[in-house]
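>>> Sequence and computational prediction follow.
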Amino acid sequence: MRKSVLMIAYFFPPEGNAGSYRPLRFVRSLSQMEWDVCIVSADPYRYERYDRGLLSLVPQEIHVSRVRGRNIWHAIQAWRGQRLQSMLSKGSSGLSEKVSAIHNAPFRSRVREVLRKVEACYYLPDMARPWIRPAVKSAVRLCASRHSNVIWATVGPLSSGLVALQVSEKTGIPYVLDFRDPWGLNYYSTELIRPKLVSHFFRRTMYRLLQRAQAVVFLFDTVAECFQRVYPGAVDDSRIHIIPNGYDGAIDDFETPQGERCTILYTGTLTTYRYDTFLQALSLLKKTSPFQANQIHVMFVGEGTVALQDKVATLGLSDIVTMRPSTSYAEILCLQKNAHAFLILGRESNRKGHELVAGAKLFGYLKARRPIIGILPHDETRKILDHVGVSTLADVDSPNEILRVIQQVFDSWEAGTLDALLPSGATCENYSAESQTLALIRALNGEMAETPFRSGTVSPPPSLAEDFLPFNF
């Protein structure tokens, strides 16, 4: 007998940011596994990364209800963002520097700090708060018409979890939380700037969400361990499922791309990621081995390249490093096919919980099957790359080690032996959409995970050590 699931996914195509790919992947796979799926998603004032092409990946039989939370402040912010983007796209080369100088002026910076604190206090549990009421209304209606068996909410934003909770209370249908990111662990700056009383209210909300869920999905066992320490008693181990991100479809066959230079590709946002030591390593390469440097091309594609561009120019690396703005998913796939290796970076080390994440791009890299250069701290990304047999890894704080890895990839490219640096195809299959969806179905059915999580068997990350004060509901 076919079952039906209602998905609460704030981010969904045509939104092209990283938050859209996990729900899209599960929607496609569940549909193939005889599940009826309907979705409640946001109709935002402005998309972070609009990609209409992604809509072609959504199965035609999937019903998507898009709702908008009416909010004047959000509308103003969206208008300002679009206006600024339009000005920069039509302006001269010096306009971005002028705008950046105005933006970072002391008075404007102080005003922004005050506004961010006000936002963090008013928009609880997050900036998507205005979306909750219309989303609940739409979801209740869909549950009745589609006879949903279970509700699945992808978090973040955390507001999606509140939608699931309220719909569950109104309909009696159980819900499953899927934490894409470590919300509630001081990972996000808004959690750090709230007054103590507001933070207490936020954590009460988090505790209630965990306590009433049929199952809770985390990406990694380290994240689950952190939640168990911060919210003791909210969710027992038997209801926890560990399901990392993954990729859709079969792993690509490897063929060495043509080209006179060894192309290293990075895709996605650069904001909050460490690339300073990678640039230092390229600078060392240019000084010590100019011939090799002339035959390497590093391409960054995505948001946050303005600061990178300045550093590249300062270090004299403009002949090696090029940048492009964010582009469509289809174009990214083309760029990946023409790359000889991929680059992945770790989060900035001053960010609490930076060890708990592995970017969605990592799994796209695994599918595209190329050598991967990892410039990383000891985080979950590094664990996964170690697990799939990637040897081209360097410590983020060691330019000399990074240089060695770059030269290792270059030597393999020059010798025509890049295939020796590929991740293990058999191990990468553990991250396929089919494997991940089978694990999700166990959570949707209210069953225990095939490999149960056990508290106390892993250590939390050092950057969060001082934050593990248990919250008492």
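Perfect, I can see it now.

>>> mind listing what's buried in stretch 313-321?
315, 317, 320-321 (16 or more other Cβ atoms under 10 Å). C-beta here means a position set from N, CA and C on the backbone, and glycine is covered the same way.

>>> Starting from the longest strand along the chain, tell me which strands it pairs with and how they run.
In the chain, with assignment by DSSP state E, the single longest strand is strand 35-42. Here strand 35-42 is paired, per DSSP bridges, with strand 3-8 (parallel), strand 63-67 (parallel).

>>> pLDDT (mean, whole number) over that strand?
For strand 35-42, mean pLDDT is 95.

>>> Just the C-alphas of that strand, formatted as CSV.
What follows is strand 35-42, C-alpha atoms only, in CSV (Å, rounded to 0.1, in the frame of the first residue of the first chain):
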residue,chain,number,x,y,z
TRP,A,35,5.6,7.2,-1.9
ASP,A,36,3.1,10.0,-2.6
VAL,A,37,4.8,13.3,-1.8
CYS,A,38,3.4,16.8,-1.5
ILE,A,39,5.4,19.8,-0.4
VAL,A,40,4.8,23.1,1.4
SER,A,41,7.6,25.5,0.4
ALA,A,42,8.2,29.3,0.6
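
>>> Need the contact partners of that strand.
Applying Cβ atoms under 8 Å, 6 or more residues apart in numbering, the external contacts of strand 35-42 come out as 2-12, 15, 23, 27, 30-31, 62-69, 128, 131, 135, 138-139, 142, 146, 148, 163, 441.

>>> Would you mind checking these for buried ones?
For those, buried by 16+ other Cβ under 10 Å: 3-12, 15, 23, 27, 30-31, 62, 64-65, 67, 69, 128, 131, 135, 138-139, 142, 148, 163, 441.

>>> Just confirm Gly359 is within a helix.
No. Assigned with DSSP: H, G, I helix; E, B strand; the rest coil, Gly359 falls outside any helix and is coil.

>>> burial count for it?
Neighbour count of Gly359, defined by other Cβ atoms under 10 Å: 20.

>>> ok, now how distant is it from Ser20?
14 Å (Cβ to Cβ, to the nearest Å).

>>> Quick one: work out the angle between the host helix or strand of Ala135 and strand 3-8.
According to DSSP states H and E, Ala135 maps onto helix 132-146. For helix 132-146 against strand 3-8, the angle by axes from the mean of the first three to the mean of the last three Cα atoms, to 10 degrees is 170 degrees.

>>> before we move on, back to that, can you redo the strands paired with strand 35-42 as CSV with distance to Gly346 and mean pLDDT?
Output for the strands paired with strand 35-42, formatted as CSV (distance: least, Cβ to Cβ, whole Å; pLDDT from 0 to 100):
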stretch, distance to Gly346, mean pLDDT
strand 3-8, 30, 96
strand 63-67, 34, 95
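
>>> Distance to Phe179 for the ones you listed - can I get that in TSV?
TSV is the format used below for the strands paired with strand 35-42 (distance: least, Cβ to Cβ, whole Å):
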stretch	distance to Phe179
strand 3-8	13
strand 63-67	22
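
>>> Which of those strands sits closest to Gly233?
strand 3-8 (25.1 Å; Cβ to Cβ).

>>> Quick check: what element follows that closest one along the chain?
Next element after strand 3-8 (DSSP H and E): helix 21-32.

>>> What sits closest to Leu6 if chain neighbours are left out?
Leaving out its chain neighbours, the residue that sits closest to Leu6 by Cβ to Cβ, 6 or more residues apart in numbering is Ser148, at 4.3 Å.

>>> The one you found is in what secondary structure piece?
Applying DSSP H and E, one finds Ser148 in no helix or strand.

>>> Run a quick neighbour tally on Ala330.
Around Ala330 there are 11 residues (other Cβ under 10 Å).

>>> who touches it in this structure?
Gly53.

>>> Quick check: which element contains it?
Per DSSP H and E: helix 329-337 holds Ala330.

>>> list the contacts for Leu209?
Residues in contact with Leu209, defined by Cβ under 8 Å, 6+ apart, are 158, 161-162, 165, 177.

>>> give me that answer again for 7 Å
If you count contacts by Cβ atoms under 7 Å, 6 or more residues apart in numbering, Leu209 has them with 161, 165, 177.

>>> now those as CSV including distance to Asp252, secondary structure and pLDDT?
Output for the contacts of Leu209, formatted as CSV (distance: Cβ to Cβ, whole Å; DSSP: H, G, I helix; E, B strand; the rest coil; pLDDT from 0 to 100):
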residue, distance to Asp252, secondary structure, pLDDT
Gly161, 35, helix, 95
Leu165, 40, helix, 97
Leu177, 33, strand, 97
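
>>> between these, which is closest to Gln336?
Nearest to Gln336 among the contacts of Leu209, counting by Cβ to Cβ, is Leu177 at 32.0 Å.

>>> looking at it, that closest one is touching Gly161, isn't it?
Yes. Counting by Cβ atoms under 7 Å, Leu177 does reach Gly161; the two are 5.4 Å apart.

>>> residues shared between the contacts of these two?
153, 155, 209.

>>> The residues you listed in strands, which ones?
Using DSSP E, the shared contacts of Leu177 and Gly161 in strands are 153, 155.

>>> Tabulate the shared contacts of Leu177 and Gly161 in CSV, adding columns for pLDDT and distance to Arg229.
Formatted as CSV, the shared contacts of Leu177 and Gly161 follow (pLDDT from 0 to 100; distance: Cβ to Cβ, whole Å):
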residue, pLDDT, distance to Arg229
Ala153, 97, 23
Val155, 91, 19
Leu209, 95, 17
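
>>> Of the shared contacts of Leu177 and Gly161, which is the nearest to Asn338?
Nearest member of the shared contacts of Leu177 and Gly161 to Asn338, counting by Cβ to Cβ, is Val155, at 35.7 Å.

>>> Show the contacting residues for the closest one.
The contact partners of Val155, taken as Cβ under 7 Å, 6+ apart, are 161, 177-180, 183.

>>> do that again at 8 Å, thanks
161, 177-181, 183.

>>> Now which of those residues would you call buried?
161, 177-181, 183.

>>> Run through the bridge partners of Glu15.
Beta-bridge pairing of Glu15 under DSSP bridges involves Tyr50.

>>> isn't it right up against Tyr47?
Yes. Glu15 is within contact range of Tyr47, at 5.2 Å (criterion: Cβ atoms under 8 Å).

>>> Could you report the neighbour count for the closest residue to Ile332 other than its chain neighbours?
Once flanking residues are discounted, Ile332 sits nearest to Thr267: 5.5 Å by Cβ to Cβ, 6+ apart. Counted with other Cβ under 10 Å, residues neighbouring Thr267 total 24.

>>> Is Thr267 in contact with Met323, as I believe?
No. Counting by Cβ under 8 Å, Thr267 stays clear of Met323, with 11.6 Å between them.

>>> hey, what's in contact with both of these two?
Joint contacts of Thr267 and Met323 (Cβ under 8 Å, 6+ apart) are Val301.

>>> doesn't Trp152 make contact with Pro174?
No. Here Pro174 does not reach Trp152: they are 10.1 Å apart, not a contact under Cβ under 8 Å.

>>> quick one: which of those two has more around it?
For Pro174 and Trp152, the more surrounded residue by other Cβ under 10 Å is Trp152, and the numbers stand at 28 against 16.

>>> can you tell me which residues contact the residue nearest to Leu6?
Neighbour list for Ser148: 4-6, 38, 142, 171, 173 [criterion: Cβ under 8 Å, 6+ apart].

>>> Kind regards, and thank you for your time.
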